[in-house]
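A.B. asks: Kindly return the folded structure for what I paste below:
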Amino acid sequence: MNDGGGPSGASSNLGFVAGVILRERIPAFERMLWRVCRGNVFLRHTEIEAPLEDPHTGNEVYKSVFIIFFQGDQLKNRVKKICEAFRATLYPCPETPGERREMAFGVMTRIEDLTTVLGQTQDHRHRVLVAAAKNINMWFIKVHKIKAIYHTLNLFNLDVTQKCLIGECWCPVMDLDRIRLALRRGTELSGATVPSILNRMDTPEVPPTYHKTNKFTSAYQGIVDAYGISNYREVNPAPFTVITFPFLFAVMFGDLGHGLVMAVMAFFLVWKEKWIASRRIEGEIFGTIFGGRYIIFMMGLFSVYTGIIYNDIFSKSFNIFGPRWMTNRTIYQFQDHGEPAHGTLFTLDPVLDFKYGQGPYPFGLDPTWALASNKISFINSFKMKMSVILGVMQMMFGIILSCYNHLFFGKLINVFCEFIPQVLFLLCMFGYLVVLIFYKWVNFHASMAGCAPSLLIGLINMFLFKYSDNPKNNADGTPCLQNIFYDTQKSFQSFLVLLALFCVPWMLCVKPFILHRRWKASQAALPLHNVDENGHAEGGKVQASHGGGHDDHGDGATFDFGNIIIYQAIHTIEFCLGIISNTASYLRLWALSLAHSQLSEVLWNMVMKFSFNINGWGGIPLLFFLFAAWSFLTLAILVMMEGMSAFLHALRLHWVEFQNKFYGGQGYQFQPFSFATMTDGNKPVDE
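C.D. replies: Numbers count the residues shown, from 1 in each chain. Okay, the predicted model is just below:
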């Protein structure tokens with residue numbers, strides 16, 4: 001209490017003070033009172049169980065309540081000073097019981113009033129927050145929009161009259177009418193007296209690149225943009241990637257069962273895309289998979305297609321049209337009229353045991369090959385040739401697209417000095433190899449297969465000018481694989497090699513020579529208005545422009561011929577070596593397809609086939625566990641891990657082997673003012 005309980009003049013009456021103090025200070029507080037007051041005070045204290053809030057720090061502390069009895073004003077002053085020293089809080093307490101009861105009643109009444117006020121405040125705050133929670137997202141969006149609008153307005157400039165704002169921006173030409181209509185509507189709705197004016201202006205700056213996409217094509221455009229933003233108005237490979245990317249993936253991943261699993265999973269994401277998008281599920285991995293759901297769906301469908309061609313479903317083949325390998329010979333005839341040993345394997349003769357009258361298997365591989373011991377040799381030969389064919393076709397398509405770039409930008413010199421020799425170089429080397437592959441497939445039947453020329457050795461001998469003039473029966477013991485395909489092969493292949501070699505100096509020297517001649521012609525036509533003291537002409541600056549871009553070398557005063565030669569030599573060497581390495585890189589289609597099929601077959605033989613060989617009732621429950629293990633490993637390894645591997649290899653084939661034939665990728669992205677970008681955090685697409 002602030003004052004003693006007894007009257008100040010009555011020394012015979014006991015006085016007291018009451019208050020609270022920190023619990024840990026009680027022992028020291030008690031000793032100090034005993035020493036200072038010489039034992040003439042009486043202290044009683046008890047702990048407060050509930051923690052109290054410190055008014056200074058706001059932390060919860062534990063305190064004790066105390067009461068001190070004393071006699072006389074001198075002890076009263078000493079007790080108060082000790083309480084102040086220990087930072088104890090003193091509270092007033094009336095002397096008589098009636099006053100104390102009245103004061104306690106008043107305190108309880110105030111506590112009840114405060115409790116009522118706090119409860120009503122809590123309810124009111126809850127109602128306000130609940131009402132605000134319904135609109136908080138809308139308020140956030142409005143604040144973001146307002147901040148974005150003012151931030152953009154800060155980029156505007158004031159005109160000379162300080163009354164109008166002038167802004168310069170990029171916009172698609174096709175949207176000019178929509179922008180004018182939006183400005184007119186904004187003027188009408190705002191009630192402005194001065195309308196907004198939109199003028200189209202010319203600028204030497206290179207415009208940004210803008211590709212209009214939707215939710216299906218945006219993922220493919222993202223794959224292309226990850227390599228580099230295309231130059232302004234050059235050929236965009238994204239429309240072609242919609243087909244070529246999932247197809248090359250499926251060539252490496254070809255399995256009907258695995259492709260069907262992938263397609264079903266992606267179809268669920270496509271089917272429930274609005275529901276999933278509304279849940280805003282966090283996670284980088286799931287966000288990537290959900291964003292590429294259409295790519296995964298297409299990859300699954302194409303994998304089903306190639307799986308039917310490979311006749312492969314979970315490493316097993318299916319017989320739909322009936323096999324074309326069927327023998328009518330007996331075991332006795334197979335053994336040349338001898339007794340066969342137990343477990344002997346027999347080789348089917350394609351001349352005697354193939355039903356030529358019915359033709360080949362209608363679609364895909366014959367299911368008989370799944371049981372053949374030389375299955376891998378046959379499949380490898382087929383897939384290796386197929387990889388080369390697909391690679392040469394895609395590279396040729398990329399070179400053709402470069403011609404469209406040259407013609408669009410008016411770089412006719414590039415058509416003559418780059419496109420034509422590049423096409424001839426590719427056709428003379430690997431285009432001719434593709435022709436030989438089809439020629440060998442068509443002209444060499446089963447009876448001639450044992451002595452068919454080798455494509456690889458023939459290609460090597462083509463560049464070594466090494467040919468064998470032996471007859472086809474090779475009576476002198478020369479290997480059959482060195483035979484020629486046709487009579488004029490030697491002279492024709494020599495012509496192709498010489499033409500390919502001629503294309504190298506064509507790409508290297510012709511273009512710099514033409515640029516130099518053009519520069520000299522421009523210098524001769526330069527008007528000599530003034531001549532400086534060094535004899536140099538002073539006049540207008542003449543640009544040696546040859547289509548723009550990186551082909552603009554030199555200006556009206558200088559021409560760095562050595563720089564142009566070095567630049568052209570780098571690109572020539574890169575193309576010539578790249579054609580060889582890129583063609584070899586497409587063999588990954590064969591390698592990954594072989595690895596995927598073999599992993600699938602090994603998993604089947606080690607897990608599922610093992611359960612089928614168990615006799616008795618114990619094999620039934622074991623079959624369920626092994627099937628669960630096989631399903632999990634198939635999904636985790638063959639679908640997810642192998643799918644990721646095939647995806648990355650298909651990505652590399654498009655970036656390096658395909659796009660570098662025509663794609664510059666040195667532009668910058670068009671970033672329009674969009675509320676969808678700031679409120680959603682995603683790239684806006686046109687639905």
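
A.B. asks: got the contact list for the strand or helix carrying Phe575?
C.D. replies: In this structure, Phe575 sits in helix 561-585 according to DSSP states H and E. For helix 561-585, contacts defined as CB atoms under 8 Å, 6 or more residues apart in numbering pick out 388, 391-392, 395, 422, 425-426, 429-430, 504, 507-509, 511-512, 515-516, 550, 553-554, 652-653, 656-657, 660. To be clear about C-beta, it is placed using only N, CA and C from the backbone, and glycine gets the same treatment.

A.B. asks: Show me which of these are buried.
C.D. replies: 388, 391-392, 395, 422, 425-426, 429-430, 507-508, 511-512, 515-516, 553-554, 653, 657, 660 (16 or more other CB atoms under 10 Å).

A.B. asks: Identify the spatial nearest neighbour of Pro172, chain neighbours not counted.
C.D. replies: Spatial nearest neighbour of Pro172, excluding adjacent residues (CB to CB, 6 or more residues apart in numbering): Tyr210 at 5.7 Å.

A.B. asks: What is the end-to-end distance of stretch 213-224?
C.D. replies: 13 Å (CA to CA, to the nearest Å).

A.B. asks: Can you point out the buried residues in it?
C.D. replies: Quick answer for stretch 213-224 (16+ other CB under 10 Å): 213, 217-221, 223-224.

A.B. asks: Now do whichever strand or helix holds Arg178: which elements does it pack against?
C.D. replies: Assessed by DSSP H and E, Arg178 sits inside helix 176-190. Using 3 or more CB pairs under 8 Å, 6 or more residues apart in numbering; DSSP states H and E, no helix or strand is in contact with helix 176-190.

A.B. asks: just how off-centre is the helix or strand following that helix within its chain?
C.D. replies: The element immediately downstream of helix 176-190 (helix or strand, assigned by DSSP H and E) is helix 218-227. Helix 218-227 sits 8 Å away from the centroid of its parent chain (CA atoms, centre = their mean, to the nearest Å).

A.B. asks: Just the mean pLDDT for helix 218-227, thanks.
C.D. replies: Helix 218-227 shows a mean pLDDT of 92.

A.B. asks: which element follows it toward the C-terminus?
C.D. replies: Next element after helix 218-227 (DSSP H and E): helix 238-253.

A.B. asks: so what secondary structure elements neighbour that next one?
C.D. replies: helix 218-227, helix 293-310, helix 375-408, helix 588-603, helix 642-652.

A.B. asks: Nearest approach to Gly186 belongs to which of the ones you listed?
C.D. replies: helix 218-227 (28.7 Å; CB to CB).

A.B. asks: what about the closest residue to Ala88 other than its chain neighbours, distance to Phe66?
C.D. replies: Of all residues not flanking Ala88 in the chain, Ile21 sits nearest, at 4.0 Å (CB to CB, 6+ apart). Per CB to CB, to the nearest Å, Ile21 is found 6 Å from Phe66.

A.B. asks: Give the intersection of the neighbour lists for these two.
C.D. replies: Shared contacts of Ile21 and Phe66 (CB under 8 Å, 6+ apart): 29, 45, 88.

A.B. asks: hang on, the earlier thing: pretty sure the residue nearest to Ala88 sits against Lys63.
C.D. replies: Yes: taking CB atoms under 8 Å as the definition, Ile21 is a contact partner of Lys63 at 6.3 Å.

A.B. asks: any shared contact partners between the two?
C.D. replies: Counting by CB under 8 Å, 6+ apart, Ile21 and Lys63 have no contacts in common.

A.B. asks: Which parts of the stretch 351-500 of the chain are strands?
C.D. replies: Under the criterion DSSP state E, counting those that start in this stretch, the stretch 351-500 of the chain contains no strands.

A.B. asks: Residue ranges in it under the pLDDT threshold?
C.D. replies: 351-357, 446-450, 468-481 (pLDDT under 70).

A.B. asks: tell me what the helix or strand containing Cys503 is packed against?
C.D. replies: Cys503 belongs to helix 489-524 when assigned by DSSP H and E. Judged by 3+ CB pairs under 8 Å, 6+ apart, the packing partners of helix 489-524 are helix 412-414, helix 420-426, helix 455-464, helix 561-585.

A.B. asks: would you turn the ones you listed into TSV with distance to Leu498?
C.D. replies: Below are these laid out as TSV (distance: least, CB to CB, whole Å):
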stretch	distance to Leu498
helix 412-414	24
helix 420-426	11
helix 455-464	11
helix 561-585	15
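
A.B. asks: for those helices, which one sits closest to Gly292?
C.D. replies: Nearest to Gly292, of the helices and strands packed on helix 489-524 and by CB to CB, is helix 561-585 at 23.6 Å.

A.B. asks: For that closest one, buried residues please.
C.D. replies: Quick answer for helix 561-585 (16+ other CB under 10 Å): 564-565, 567-568, 571-572, 575-576, 578-579, 582-583, 585.

A.B. asks: Repeat that for stretch 370-380.
C.D. replies: 370, 375, 379.

A.B. asks: From those, pick the one nearest Phe290.
C.D. replies: Distances from Phe290 to the buried residues of stretch 370-380, taken by CB to CB, are shortest for Ile379, at 35.5 Å.

A.B. asks: From Ser645, how far out is that closest one?
C.D. replies: In this view, Ile379 and Ser645 are 19 Å apart by CB to CB.

A.B. asks: again, but for Gly458
C.D. replies: Distance from Gly458 to Ser645, by CB to CB: 33 Å.

A.B. asks: got it, and Phe430?
C.D. replies: Distance, Phe430 to Ser645, by CB to CB: 26 Å.

A.B. asks: and what of Met138?
C.D. replies: 46 Å.

A.B. asks: So the two - more neighbours on which side?
C.D. replies: Ser645 (15 against 9; other CB atoms under 10 Å).

A.B. asks: so where's the longest helix in the chain?
C.D. replies: Determined from DSSP state H, the single longest helix within the chain is helix 97-153.

A.B. asks: Could I get the average pLDDT for it?
C.D. replies: On average, helix 97-153 scores 89.

A.B. asks: helices and strands around it, which ones?
C.D. replies: helix 675-680.

A.B. asks: average pLDDT for the helix it packs on?
C.D. replies: 70.

A.B. asks: now do stretch 178-198
C.D. replies: 86.

A.B. asks: contact partners of it?
C.D. replies: Contacts of stretch 178-198 (CB under 8 Å, 6+ apart): 164, 171, 176.

A.B. asks: Kindly export that stretch (C-alpha atoms) in CSV.
C.D. replies: Extracted C-alpha coordinates of stretch 178-198, given in CSV (Å, rounded to 0.1, in the frame of the first residue of the first chain):
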residue,chain,number,x,y,z
ARG,A,178,-7.8,-3.3,-79.5
ILE,A,179,-5.6,-0.8,-77.7
ARG,A,180,-7.2,2.2,-79.4
LEU,A,181,-10.7,0.8,-78.5
ALA,A,182,-9.5,0.3,-74.9
LEU,A,183,-8.2,3.9,-74.7
ARG,A,184,-11.4,5.3,-76.1
ARG,A,185,-13.5,3.2,-73.6
GLY,A,186,-11.2,4.4,-70.7
THR,A,187,-11.7,8.0,-71.7
GLU,A,188,-15.5,7.6,-71.8
LEU,A,189,-15.6,5.9,-68.4
SER,A,190,-13.3,8.3,-66.7
GLY,A,191,-15.1,11.4,-68.1
ALA,A,192,-11.8,12.9,-69.3
THR,A,193,-12.2,15.9,-71.6
VAL,A,194,-8.9,15.2,-73.4
PRO,A,195,-8.8,11.8,-75.2
SER,A,196,-5.8,9.6,-75.2
ILE,A,197,-3.8,9.5,-78.4
LEU,A,198,-1.9,6.5,-79.7
